[in-house]
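Asks: please find the sequence and the predicted model below.
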Amino acid sequence: MLQQMRAAQGWLVKGVLWAVVFAFVLTSLYFGVAKSGLASSEVATVLGQRVGVAEFQQVQNNMYQTYRNMFGNRVDFDLREQFNFREMALEQIVRQTLLRRMATRERLTVTDAELYESIATIPAFHEEGKFSPDRYLAVLRQQVPPIVPKIFEEQQREALLAQKVYDLIEAGVHATQAEVADAYQRDNEQAAARYVTLIPSLFTDQVTLTDEELKAHYEAHQDRYQNPEQRQIKYVAIAPARFPYTGDIAQALIEDYYHNHQDEFTRPEQVQARHILLKVPSNVSSEREAEIRAQAEALLQQLRDGADFAKLAQEHSEDTATAENGGDLGVFPQGQMVAPFDEAVFALEVGALSEPVRTTFGYHLIRLDDKIEAGTKPLEEVKGEIETKLRQEREKEAALAFVDDIMVFLEEDPQQFEALAKQHGLEIITSPYLPRTGRLPDLEQAPQIVSRAFELNQGAVETLGTPDGTHYIFQVADIQAANTIPFEEAKERLTNDLKQQKSSDLASQTADDWAAKMQSGTSLEELAKTLDVQVAETGLFKRNDNIPQYGRSAAFSRMAFDLQPGASAAVHDGTRHAVIQVTKRQPADMAEFENQRQTTREQLLRQKQQQARVAFDNALRDEFQQLRESGDIVVNPQYVF
């Protein structure tokens, strides 16, 4: 998919690469685009090819799912509000079309062997480290919505073809010996500087504000002082427990469930063990730890001589949770204990004792009492569990059928919501007014209700189910439009904002003034005393290093390597401002260059290849925007806006 959030911008690629990129883009994009009207089943015409609703929605849904996976279930971040997925989907379709055309021009193809090899290397389709056709089909069926293998393979072939286009772009990138030497010199040159940091809080007390200034700032930036649109929601909850299933569950159904869901009843290898713990404090000296280990070894010798493990555990173990029970840890699977303990206990034979095992808690002596092999639980053991599940399924089905019946009436007339709820004894809960990113404690299982309510009209009704089978029927009860916060109400926030802005302006101006004074002969120490700030020293650092005592700052580093020793300047880095004076510049050690030549060349080549990819992507994006603005791509406004 198109990467909408690129960190890299403004890369320059010279010579042949640009010629290849723009020759391709220009000849492809203006190949000829139909200007005729579109049917309602079509989303757009892209380079003479009609884009159907199904294709468009698939690309859009895939893109939305990808972003949702990136951001997780953050209720404070509405994806559809932040990203125009319709426009992004159209851009991706155009991009795919352009890449296909370039592949055709360059006679690039993807063979069946390449396709199947690429699919076989995807870990999601593996069982026991190898590609499994059954696993492949099962994973595709589990997608929402399910993916037909033919469609997936077409998408995979498209992705491989696009990669071949990028490989072609990268193949034209080279690094000359002079470029490699320059890169090594640049990356390994060092500088040192002394500096003072000027932060806005140093100047807060110097800022005075009048009501006139606050009002002027308010009028100029009213978009910052807005109450967002808010909505009130009414909802009812229908839980499966409302429909208890009291009928019998046939033995045949229990058996069918058992045989069709064997993976639910597998039991991993488990062990039963005892231990004696001698704790080691986190700040203990090496001498004291050696004493504790010696105590553990003495206890181990007693056990080997026949002492009773349970009795010694009661007397000596410092694990208060198990000592009274003779150190019994019960039965547990692999992975439940801390790693050193886990490895030791599962390596023992039944009845064997471990050497002292060191963990973050201290030293353990372990005895393995029993080992239970992995396997499938017998039907009789899980019969009650299955019966409970089947009853719950019937209760969920009854709840869903009830909701479907209610929704039939509400779809005809949403205004029946309250009357129907009362008729069926459902408690209506009315929320406070909420913004799109708001949340309700009672709806932790279904946070999407709030954001979904913002896609409905006032009075509209919808339903949403949760994994436990509970269904919510909700209605948009009222809508409060977005509005500007009144001046008096926003005054405190206005004061803080404007004071912060003016403090930052003063810090920036002071940095510039001090830099000018230093060029006239005033020392950095004299200037620092006027604000009681400290002069710091960086020591030597390279261009891409974190700057000692200051942290990572491209602006600081860039300035330090632009100045000669003794020169000074102001550095502006967001809300942090500094005045620096370079004390030393040290060239790279070119005697070491020969040892680093190959590594430097590989790094430079990767960097230039990445620049080429970004330049190519940006060229495609720029041309897409030009086509959209000029009308050379015909779109159906019903789908793209």
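Replies: Good, I have the coordinates. Numbers count the residues shown, from 1 in each chain.

Asks: how near is Ile169 to Asp617?
Replies: For Ile169, the distance to Asp617 equals 10 Å [Cβ to Cβ, to the nearest Å]. Yep, even glycine has a C-beta here, placed from its N, CA and C like the rest.

Asks: try Val271
Replies: Applying Cβ to Cβ to Val271 and Asp617 gives a distance of 54 Å.

Asks: neighbour-wise, which of the two wins?
Replies: Higher neighbour count among Val271 and Asp617: Val271, with 23 against 18, using other Cβ atoms under 10 Å.

Asks: that one - that's part of a strand, no?
Replies: Yes: counting by DSSP: H, G, I helix; E, B strand; the rest coil, Val271 is found in a strand.

Asks: these two touch, right, it and Leu368?
Replies: Yes: between Val271 and Leu368 there is a contact at 6.0 Å, judged by Cβ atoms under 8 Å.

Asks: between the two, what contacts are shared?
Replies: Among the neighbours of Val271, those also in contact with Leu368 (Cβ atoms under 8 Å, 6 or more residues apart in numbering) are Val345.

Asks: pull out the buried residues from stretch 473-481.
Replies: 473-477, 479 (16 or more other Cβ atoms under 10 Å).

Asks: out of those residues, which sit inside strands?
Replies: Mapping the buried residues of stretch 473-481 onto strands (DSSP state E) picks out 473-477, 479.

Asks: can I get those in TSV with pLDDT?
Replies: Formatted as TSV, those follow (pLDDT from 0 to 100):
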residue	pLDDT
Ile473	96
Phe474	96
Gln475	96
Val476	96
Ala477	96
Ile479	96
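
Asks: of these, closest to Ile122?
Replies: Nearest to Ile122 among these is Phe474, at 39.5 Å by Cβ to Cβ.

Asks: that closest one - nearest residue in space that isn't next to it in sequence?
Replies: Tyr235 (3.8 Å; Cβ to Cβ, 6 or more residues apart in numbering).

Asks: now Leu79
Replies: That would be Tyr67: by Cβ to Cβ, 6+ apart, it lies 5.4 Å from Leu79.

Asks: just for this protein, where's the confidence low?
Replies: Within the chain, the stretches with pLDDT under 70 are 1-41, 47, 72-78, 80-81, 144-145, 638-641.

Asks: ok, 80 please
Replies: 1-49, 52-55, 57-58, 61-62, 64-65, 68-82, 142-146, 282, 627-632, 636-641 (pLDDT under 80).

Asks: and the next helix or strand past the helix or strand hosting Ser504?
Replies: In this assignment (DSSP states H and E), Ser504 forms part of helix 487-519. On the C-terminal side of helix 487-519, the closest following helix or strand by DSSP H and E is helix 524-531.

Asks: Gln564: how many residues sit nearby?
Replies: 7.

Asks: how about Ala44?
Replies: 20.

Asks: run through the bridge partners of it.
Replies: Using DSSP bridges, the bridge partners assigned to Ala44 are Val51, Val635.

Asks: hmm, Val635 and it touching each other?
Replies: Yes: with contact defined as Cβ under 8 Å, Ala44 and Val635 form a contacting pair (4.4 Å).

Asks: as JSON lines, the ones in strands among the buried residues of stretch 473-481 with distance to Leu540 would be great.
Replies: Formatted as JSON lines, these follow (distance: Cβ to Cβ, whole Å):
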{"residue": "Ile473", "distance to Leu540": "68"}
{"residue": "Phe474", "distance to Leu540": "63"}
{"residue": "Gln475", "distance to Leu540": "67"}
{"residue": "Val476", "distance to Leu540": "63"}
{"residue": "Ala477", "distance to Leu540": "66"}
{"residue": "Ile479", "distance to Leu540": "62"}
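
Asks: which members of the residues you listed are the farthest-apart pair?
Replies: Largest pairwise distance in these, by Cβ to Cβ, is 18.7 Å, between Ile473 and Ile479.

Asks: re the thing from before, and of the ones in strands among the buried residues of stretch 473-481, the nearest to Val382?
Replies: Among those, and counting by Cβ to Cβ, the member closest to Val382 is Ile473, at 35.2 Å.

Asks: so who does the closest one touch?
Replies: Counting by Cβ under 8 Å, 6+ apart, Ile473 has contacts 235-236, 238, 403, 406-407, 410, 417, 421, 461-463.

Asks: hmm, 7 Å instead?
Replies: The neighbours of Ile473, taking Cβ atoms under 7 Å, 6 or more residues apart in numbering as the test, are 235-236, 403, 406, 461, 463.

Asks: count the neighbours of Val53 for me.
Replies: 15.

Asks: from Phe265, how far out is it?
Replies: 44 Å.

Asks: now do the host helix or strand of Leu299: distance to the chain's middle.
Replies: In the assignment (DSSP H and E), Leu299 maps to helix 286-304. Centroid separation for helix 286-304 versus its chain: 47 Å, with Cα atoms, centre = their mean, to the nearest Å.

Asks: give me the contact list for that helix.
Replies: 276, 278, 280, 309, 312, 316, 353, 356, 362-363, 365.

Asks: mutual contacts of Ala44 and Val635, please.
Replies: With Cβ under 7 Å, 6+ apart as the test, Ala44 and Val635 both reach Leu90.

Asks: for the residue positioned nearest the centre of the chain, what are phi and psi?
Replies: Nearest to the centroid of the C-alpha atoms of the chain, with distances taken as Cα atoms, centre = their mean, sits Met70, at 3.8 Å. Main-chain torsions, Met70, degrees, to the nearest 10: phi -70, psi -40.
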